[in-house]
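J.: Need coordinates for the following:
(3 chains)
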Amino acid sequence: MIKLVALIPLFPLLGFLINGFFGKKISKGLSGTIASLAVLASFIISILIFVDLEEHKEITSHIVPLFSWINSDTLKIPFEFLVDPLSSWFLLIITGIGFLIHIYSMGYMHDDEGFARFFTYLNLFIFFMLLLVLGNNYLIMFVGWEGVGLCSYLLIGFWFKNTAYNNAAKKAFIMNRVGDLGFLLGIILIFVTFGSISYDQVFSIASGGNHATVTAIALLLFIGAMGKSAQLPLYTWLPDAMAGPTPVSALIHAATMVTAGIYMIVRSNVFYSMSEEASQVVAIVGVTTALFAATIGLFQNDIKKVLAYSTVSQLGLMFLGLGVGAYSSSVFHVTTHAFFKALLFLGAGSVIHAMGGEQDMRKMGGLKKALPVTFATMLIGTIAISGIPPFSGFFSKDEILAHTYEHSPTLWFFGQVASMLTAFYMFRLLYLTFYRKFRGTHEQEHHLHESPKSMTIPLIVLAVLAVVGGALGLPEFWGTTNWMHHHLDSIIVHKNPSILNHEKEWMLMGIAVVSAGATIFFAYMVYIKNSILPEAHDYKLTGIKKVIYNKYYVDEIYDMIIRKPLDAMSEAYKYIDTKFIDAIVNGVGDVVNGSSSVVRKLQTGHIGFYIFGMVLGIIAILFFTFIK
Amino acid sequence: MLGYTITQWLFGTLSFLAIMFALMMVFTRSPVNSALYLIMTFFCIAGHYLLLNAQFLAIVQIVVYAGAIMVLFLYIIMLMNLNADEEPRKHVVTRAIAGIIGGMLLFVMVGALRGAEQLQTVQGGASQIGLVKNLGKVLFSEFLFPFEIASVLLLAALVGAIMIGKRDTNINSKETINN
Amino acid sequence: MLNGIPINFYIMLSAVLFIIGVVGVMARRNAIIIFMCIELMLNAVNLMLVAFSTLHNDANGQVFVFFIMAVAAAEVAVGLAILSMVYRNFKTIDIDLLSRLKN
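T.: You can find the predicted model right below:
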């Protein structure tokens, strides 16, 4: 069964090719079906492989060689796939969530003229993501890494007629490039240090590496992860990436692509467990991002922007988990987050669909009756992300925070605050969108409708997963087995056993639940009881609110410190180019022109003259050769 | 005879004649006369070859150069019907410069060849390599391949000359119309 | 047994004949005469080759001369064909009038 792994990326690739070449000729239904079936087939094989792996636990990792890829003197890179608990688990997430989102997209994009193009990109995206996860060396991962970057560019700028959307796409691409450079340097450093980039070879000799080099590798890889997983300071592309169609946001910017950074760090956990400093950096960047993005999320009025900042914040929590060595907890959170964040984005998509494209929450309200299914599923998603038991988000978040506490109570405190803020802004979103009276136009109110079956069914499936997903990683001190933890045992080199006693764990759990409950109540008081609405006009905001509403002016600061100097420098270079370099180039041409107009008079066209010249030449040659 | 051997007398005479005919070839205005003087020069050079005991080359010189090639020249000159007065002379200054440059070239050449093979004498009679028999052996053993290539070259020249010299049919028809 | 002649004499003779050829090429305007002067130069070189060949008792020099004659024959055939063609088209073979190379 394991041998069939090559088929997993093959199906989406086929789907991509078919839709890419013939998308315009076949009907919308057919192209959507082909794309969805391709991902479904991959999903089924992924399940089979996963089951196979579970049944034969004696061998945990299988390397499936496909062909020799790069083969030159000292550099030998085979094209191999690696099937182990980590990659097989990510396969399930990518193909499973991916399939649901494909189904959803068939409903959501139904009226779009670029329907086939959309599915082409989606399939290509799935293909690259699978490549990223399956590769047995860093280079294949890098190919997938760049590929998903490309696809996210294509999908964010899917409605390319809008300049703002195009700019968002470019921003995502360039931001990712910054991180990719770090990743690439990390790969090169790995190759230079260990002489190989295959996981099995590198990890087996990594412990012999020099501490400073390993730290450098870990930090360079983390820079790559920062870009792809939207951490400070490279996160700004993710909120802007909401320009793409909503299923794209759900697929790429919540459930799969941004988790590539997490996957990469879990895969390279050897380096991080060897370098305390690098782990510390990861943890601090993670918690800062979590807190920072959560505060921005508090004042956003665009429904998708709120979710985007919440994604950044949740990713920050995952990195916090990675930084404190709780790798399996982070993968667990990736999983539950994929469930409820995909659910929330798709729910938001359903709301936007019903509102005829309106995304501003100030113009919504009271959608509970019009969209019952959406409301119910969104409610489940919101509860899950807020960390209320027994929904899935609670377990994964709690596990990360518990590990953080045993590592450093300070980091735990900030992480806890970030998750409280999450509960607040998520319920704010829910209250503003679904409760109280409708605030939009009359026309919109008339148009309100529940989404079609193809959109609601994925919502329901994801809602179920968001509810029960926590069962994958029940806390050990409950006397249950933490399946997730054991599943990834073979991948994690340096185990991090819990040292907290049960009282402490109960206490942390209690604090988490109580604080989440309190913030939800606070949000209820503010937005339902006191009927406070966000200011209708941005300029009325003052003080800290204004700063936060404007996202701490990060974009403006980047503009100031990077773009402006760059522009000024380009201007200077342009001046140098036109005034000096061009002058030199043109000067050379002028000199040649001028001198040739003189020399050209020698070309009389008279043979007699040429003969004279020739004889004189012979005389000169003889003279200098023989006489001197 | 004045202390010189017969060979030396012959050498002196032939050299004088060759140079004289060559000068006359250059300075005679009539092309036909020029060609005839050149033939004489070639004969003198053939005589030199004989003195050097290069009999084969002497014969070839007479047959190919003085015979075939120069006849070709005369034919062409007659075909073009060139007369002495038809060729305007070059300007006096040009001719003076030509003479000066020629003198310079001679000076440089003599200077360059001066120390070449000092005071070695050529023993013409002693060498037997110029005989047809010996030369033929070398030619058909060591130089067989270049020899065959030379035949191809001559064939190519033949074809080329015919192709170039052939009247273009278009021009032909035009001329007939003009006539 | 005839007495020999110093090789320098042959060198001088060849050089003089060669120079006469060069001067002829420079001083005359008739293309056919120029052509003949080139033949004279070739012969001067041939004479030198034969002289040295005999001096060193080496047949290669004479074989060279033989090939030079073959090539000269080919050259003359083609060259004269070209000249006759030129004459046919321009009604002259005066090189000072044939200034088509200009422009």
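J.: any low-confidence regions in chain C?
T.: C:1-3, C:99-103 (pLDDT under 70).
J.: quick one, longest helix in it?
T.: helix C:60-90 (DSSP state H).
J.: Pull out the buried positions in that helix.
T.: C:61-70, C:72-81, C:83-84, C:86-87 (16 or more other CB atoms under 10 Å in any protein chain shown). Glycine gets a C-beta too; all of them are placed from N, C-alpha and C.
J.: Kindly list the longest strand within chain A.
T.: The longest strand of chain A (DSSP state E) is strand A:62-72.
J.: Which neighbouring elements make contact with that strand?
T.: Contact analysis of strand A:62-72 by 3 or more CB pairs under 8 Å, 6 or more residues apart in numbering or on different chains; DSSP states H and E lists strand A:75-83 as its packing neighbours.
J.: Next, the angle strand A:62-72 makes with the strand it packs on.
T.: Relative orientation of strand A:75-83 and strand A:62-72, computed by axes from the mean of the first three to the mean of the last three CA atoms, to 10 degrees: 160 degrees.
J.: Which elements pack onto strand A:75-83?
T.: On a contact count with 3+ CB pairs under 8 Å, 6+ apart, strand A:75-83 meets strand A:62-72, helix A:115-134, helix A:138-156.
J.: for residue 92, helix, strand, or coil?
T.: Went with chain A since none was named. What DSSP: H, G, I helix; E, B strand; the rest coil gives for A:L92 is helix.
J.: That was the other one, I meant chain C.
T.: Following three-state DSSP, C:T92 is assigned to coil.
J.: Just to check, it is in contact with C:A31?
T.: No: counting by CB atoms under 8 Å, C:T92 does not reach C:A31; the two are 9.1 Å apart.
J.: Between these two, which contacts overlap?
T.: Common contact partners of C:T92 and C:A31 (CB atoms under 8 Å, 6 or more residues apart in numbering or on different chains): C:L98.
J.: Figure out how far stretch A:119-129 is from the centre of its chain.
T.: The chain centroid and the centroid of stretch A:119-129 are separated by 14 Å, computed with CA atoms, centre = their mean, to the nearest Å.
J.: quick one: what helix or strand has the one residue sitting closest to the centre of chain B in it?
T.: Centroid-nearest residue in chain B: B:F42, 5.8 Å away (criterion: CA atoms, centre = their mean). B:F42 is part of helix B:31-51, with elements assigned from DSSP states H and E.
J.: Tell me the helices and strands packed up against that helix.
T.: Other helices and strands packing on helix B:31-51, by 3+ CB pairs under 8 Å, 6+ apart, are helix B:6-27, helix B:55-60, helix B:70-80, helix C:31-56.
J.: highest average neighbour count across the helices and strands packed on strand A:75-83?
T.: helix A:115-134 (a mean of 26; mean count of other CB atoms under 10 Å in any protein chain shown).
J.: related to what we said a few turns ago, among the helices and strands packed on strand A:75-83, which is nearest C:C37?
T.: Across the helices and strands packed on strand A:75-83, C:C37 has its closest neighbour in strand A:62-72 (63.5 Å, CB to CB).
J.: and the angle for that closest one with helix A:115-134?
T.: Relative orientation of strand A:62-72 and helix A:115-134, computed by the same axes, to 10 degrees: 100 degrees.
J.: contacting residues for A:V467?
T.: Going by CB under 8 Å, 6+ apart, A:V467 touches A:380, A:384, A:390-392.
J.: possible to save the helices and strands packed on strand A:75-83 as a markdown table with mean pLDDT?
T.: Below are the helices and strands packed on strand A:75-83 laid out as a markdown table (pLDDT from 0 to 100):
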| stretch | mean pLDDT |
| --- | --- |
| strand A:62-72 | 82 |
| helix A:115-134 | 88 |
| helix A:138-156 | 88 |
